[in-house]
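Engineer: What follows is a predicted protein model with its sequence.
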2 protein chains.
Amino acid sequence: MNTPHTPHASQAAPRLSINRWTCRSTPIQEFLEATAARDLEAVGLWRQDVEEIGVDALKRRADDAGLRVSSLCRGGFLTAADESARAASLDENRRAIDETAALGAPTLVMVVGGITQEDKDIGGARARVAENIATLAPYAESAGVTLSLEPMHPMFTADRAVIATLDQALDIAEGTGSDAVGVIVDTYHVWWDPTLEQAISRAGRSGRLFSYQVCDWSLPLAAEPLFSRGYMGDGYIDFPAITRMVKDAGYTGDIEVEIFNEDVWATPAHEAIGIVRQRYEELVLPYA
Amino acid sequence: MNTPHTPHASQAAPRLSINRWTCRSTPIQEFLEATAARDLEAVGLWRQDVEEIGVDALKRRADDAGLRVSSLCRGGFLTAADESARAASLDENRRAIDETAALGAPTLVMVVGGITQEDKDIGGARARVAENIATLAPYAESAGVTLSLEPMHPMFTADRAVIATLDQALDIAEGTGSDAVGVIVDTYHVWWDPTLEQAISRAGRSGRLFSYQVCDWSLPLAAEPLFSRGYMGDGYIDFPAITRMVKDAGYTGDIEVEIFNEDVWATPAHEAIGIVRQRYEELVLPYA
């Protein structure tokens, strides 16, 4: 690696991982080098990266850059009522589990899927998620990885994830009876929850707090609300408070910064990662 | 009233109330006449209407049209940390309570307010809401009206309402010790909640289910997400299921249709109200 280090980044940023999608417009090799140049410790990768260059090459490149892979994004989409769609989804999730293991990542992020306008039975969709997650759990155990259920902001309940709260995710995880199923706390998705502190604490006690992701809730919402995620400090989220809850729940793993934001994507990766690191050191790390 | 009745609207639509904001581009008198012409029983009004023509004239016009006033929208905005802002807000809410009573409406809708980017302490804001609602409760009791706390979709937690769930609203309502404080179930705001059925049932048992509002969750979200509310049947919400929950909780009051949607606003009021009535008779009334 010959990427020049800035004076700013002369020490490691403990536990800081940057999610690939934060710099999705940057080619993968450049992204890995820029991350290493800022002395981050890890990256969160996506299945699109696997598809692009293959899982072995991706693992080698992360190793060469000296980076852990903190998570793979994403499995899930488990709400289809149709039996052949269900079987195809389970197969796809098994492949995603294999890739997670091959990358040496501890956990696979699960975005569980939404409902359709034709079938508005959200209770039914939620029951199918629980059943399918239970089906996948032994496979994840054998592969030595965990499944992290992602409660998504209720703005996405219809089209992306019928899991809307941490408690609901924990109910499903605990219902599997498998230690390999747990949850992600992503500040963007859960910050509004009046029962957040109790739910994070429960995740810790249950041994199921597998990932902590941070980014801010910025307003006004972008035309595509998924892209309203902002740098920590640019929005409304109290990072010290939530980070303390996560710490008090016993979490000691990587902290991933995942920002979907068109302005960030237009910023050169080394600059964006520099801002991420600075905000992390200011608003997250001291409380982690 | 000489407004012609369509053949469609030859019978009353029991318990159906249309919220003023569904037809906010229509002048108030025309709105009241169009509502009566469709044989609806009630209207939900806004303080803007009171400001425009005065509370006595507004009451008289609703009476002349043969319409009950099912609610007045809105009080609230009780999160300010500053003491003089707090006092001003309490005064404003007392005026809103007086107007509710003068209109003969049973309840005042409370949108409790958000947080600021400077003060991200959502716990503090929530505590101030609870305190201020408790302060207002005796005034509402004396006036013979109720305060309906509106849990708003978590998409609005930052800028409009730190009450994000029915259970949270019920905690605050019960905490006042006053029977005059309860909740609204608005499908748009609460449909995603995995604990919805239990929370609605709790509201019933607690004697605090004061209002039921319906409209659909339409996608894609509008640029201003407040305006993504759609006609029942146009989105993802299961109205029979939620209406049954509300019925099982013992609710027998008016059912208000409140749609904020630029396409609806561009539709002539009598047409929009006709669509509302038809969807109500198909998707809500049989289950209510």
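Structural biologist: Perfect, thanks for sending it. Numbering: from 1, shown residues only, chains lettered A, B, ... in the order given.

Engineer: so what pLDDT did the residue nearest to A:Ala12 when sequence neighbours are not counted get?
Structural biologist: Nearest residue to A:Ala12, sequence neighbours excluded (C-beta to C-beta, 6 or more residues apart in numbering or on different chains): A:Asp39, at 4.8 Å. Quick note: C-beta positions are derived from backbone N, CA and C, even for glycine. pLDDT, A:Asp39: 95.

Engineer: try the one 3 residues further on
Structural biologist: pLDDT, A:Ala42: 98.

Engineer: tally of neighbours for the residue nearest to A:Ala12?
Structural biologist: Counted with other C-beta atoms under 10 Å in any protein chain shown, the neighbours of A:Asp39 add up to 19.

Engineer: so what's A:Leu209 closest to, chain neighbours aside?
Structural biologist: A:Ala203 (4.0 Å).

Engineer: buried sites along stretch A:80-90?
Structural biologist: Residues A:Ala80, A:Arg86, A:Ser89 are the ones in stretch A:80-90 that count as buried (16 or more other C-beta atoms under 10 Å in any protein chain shown).

Engineer: Against A:Ile115, how distant is the first one?
Structural biologist: Yep, that's A:Ala80 we're talking about. With distances taken as C-beta to C-beta, to the nearest Å, A:Ala80 is found 10 Å from A:Ile115.

Engineer: Which element is encountered next along the chain beyond the lengthiest helix in chain A?
Structural biologist: Assignment by DSSP state H gives helix A:122-143 as the longest helix of chain A. Next helix or strand after helix A:122-143 toward the C-terminus (DSSP states H and E): strand A:146-149.

Engineer: That next one: how far from the chain's middle?
Structural biologist: 10 Å (C-alpha atoms, centre = their mean, to the nearest Å).

Engineer: Does it reach chain B?
Structural biologist: No - using C-beta under 8 Å from any C-beta of the partner chain, strand A:146-149 stays clear of chain B, coming no nearer than 12.6 Å.

Engineer: elements contacting that strand?
Structural biologist: Here strand A:146-149 touches strand A:107-111, helix A:122-143, helix A:166-175, strand A:181-186, strand A:209-214, going by 3 or more C-beta pairs under 8 Å, 6 or more residues apart in numbering or on different chains; DSSP states H and E.

Engineer: Tabulate the ones you listed in JSON lines, adding columns for mean pLDDT, mean neighbour count and distance to B:Arg74.
Structural biologist: Shown next, in JSON lines, are the helices and strands packed on strand A:146-149 (pLDDT from 0 to 100; neighbours: other C-beta atoms under 10 Å in any protein chain shown; distance: least, C-beta to C-beta, whole Å):
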{"stretch": "strand A:107-111", "mean pLDDT": "98", "mean neighbour count": "27", "distance to B:Arg74": "35"}
{"stretch": "helix A:122-143", "mean pLDDT": "98", "mean neighbour count": "18", "distance to B:Arg74": "28"}
{"stretch": "helix A:166-175", "mean pLDDT": "98", "mean neighbour count": "22", "distance to B:Arg74": "30"}
{"stretch": "strand A:181-186", "mean pLDDT": "98", "mean neighbour count": "26", "distance to B:Arg74": "32"}
{"stretch": "strand A:209-214", "mean pLDDT": "98", "mean neighbour count": "26", "distance to B:Arg74": "34"}
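
Engineer: Columns distance to B:Tyr287 on top of the ones you listed, output as a markdown table?
Structural biologist: Listed next are the helices and strands packed on strand A:146-149 as a markdown table, based on distance: least, C-beta to C-beta, whole Å:
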| stretch | distance to B:Tyr287 |
| --- | --- |
| strand A:107-111 | 32 |
| helix A:122-143 | 16 |
| helix A:166-175 | 25 |
| strand A:181-186 | 34 |
| strand A:209-214 | 40 |
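
Engineer: Identify whichever of those lies nearest to B:Leu226.
Structural biologist: Proximity of the helices and strands packed on strand A:146-149 to B:Leu226 was assessed by C-beta to C-beta; the nearest stretch is helix A:122-143, lying at 22.5 Å.

Engineer: re earlier: list the contacts for the residue nearest to A:Leu209?
Structural biologist: A:Leu166, A:Leu170, A:Gly182, A:Val183, A:Val185, A:Leu209, A:Ala249 (C-beta atoms under 8 Å, 6 or more residues apart in numbering or on different chains).

Engineer: Closest one of those to B:Leu219?
Structural biologist: Among the contacts of A:Ala203, and counting by C-beta to C-beta, the member closest to B:Leu219 is A:Leu166, at 24.0 Å.

Engineer: Show me which residues of chain A are close to chain B?
Structural biologist: So chain A meets chain B at A:115, A:117, A:120-123, A:126, A:153-155, A:157-159, A:163-165, A:167-168, A:191-194, A:217, A:219-221, A:223-225, A:235-238, A:241 (C-beta under 8 Å from any C-beta).

Engineer: gap between A:Thr176 and A:Gly204?
Structural biologist: Where A:Gly204 is concerned, A:Thr176 sits at a distance of 18 Å (C-beta to C-beta).

Engineer: Show me which of those two is the more surrounded one.
Structural biologist: Shown here are A:Thr176 and A:Gly204; by other C-beta under 10 Å, A:Thr176 has more neighbours (21 against 17).

Engineer: For that one, give its distance to A:Ala137.
Structural biologist: Between A:Thr176 and A:Ala137 the distance is 5 Å, computed by C-beta to C-beta.

Engineer: Likewise for A:Ile163?
Structural biologist: The value you get for A:Ile163 to A:Ala137, if C-beta to C-beta is used, is 16 Å.

Engineer: now A:Leu166
Structural biologist: 19 Å.

Engineer: what's stretch A:240-254 in contact with?
Structural biologist: For stretch A:240-254, using C-beta under 8 Å, 6+ apart, the contacting residues are A:15-17, A:41-42, A:68, A:70-71, A:106, A:185, A:187, A:191, A:196-197, A:200-201, A:203-205, A:209-212, A:214, A:283-284, A:286-288, B:120-121, B:123.

Engineer: Report the buried members of the residues of chain A next to chain B.
Structural biologist: A:115, A:120, A:122, A:126, A:153-155, A:157-159, A:163-165, A:167-168, A:191-194, A:217, A:219, A:221, A:225, A:235-238, A:241.

Engineer: Please narrow these to those residing in helices.
Structural biologist: A:Ile122, A:Arg126, A:Asp167, A:Gln168, A:Ala241.

Engineer: Now distance to A:Ala57 too, for the residues you listed, in CSV please.
Structural biologist: Output for these, formatted as CSV (distance: C-beta to C-beta, whole Å):
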residue, distance to A:Ala57
A:Ile122, 41
A:Arg126, 38
A:Asp167, 40
A:Gln168, 38
A:Ala241, 41
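
Engineer: from those, which single one is nearest B:Val55?
Structural biologist: Nearest to B:Val55 out of those is A:Ile122 (C-beta to C-beta; 41.1 Å).

Engineer: how about the strands of the stretch 1-150 of chain A, start to end?
Structural biologist: Secondary structure of the stretch 1-150 of chain A (DSSP state E, counting those that start in this stretch): strands located at A:13-19, A:40-46, A:68-76, A:107-111, A:146-149.

Engineer: what's the closest of these to B:Ile28?
Structural biologist: Nearest to B:Ile28 among those is strand A:107-111; the distance by C-beta to C-beta comes to 46.0 Å.

Engineer: Could you list every helix and strand that that closest one packs against?
Structural biologist: Judged by 3+ C-beta pairs under 8 Å, 6+ apart, strand A:107-111 is in contact with strand A:68-76, helix A:83-102, strand A:146-149, strand A:209-214.

Engineer: Could you tell me the angle between it and strand A:209-214?
Structural biologist: Interaxial angle of strand A:107-111 relative to strand A:209-214 (axes from the mean of the first three to the mean of the last three C-alpha atoms, to 10 degrees): 70 degrees.
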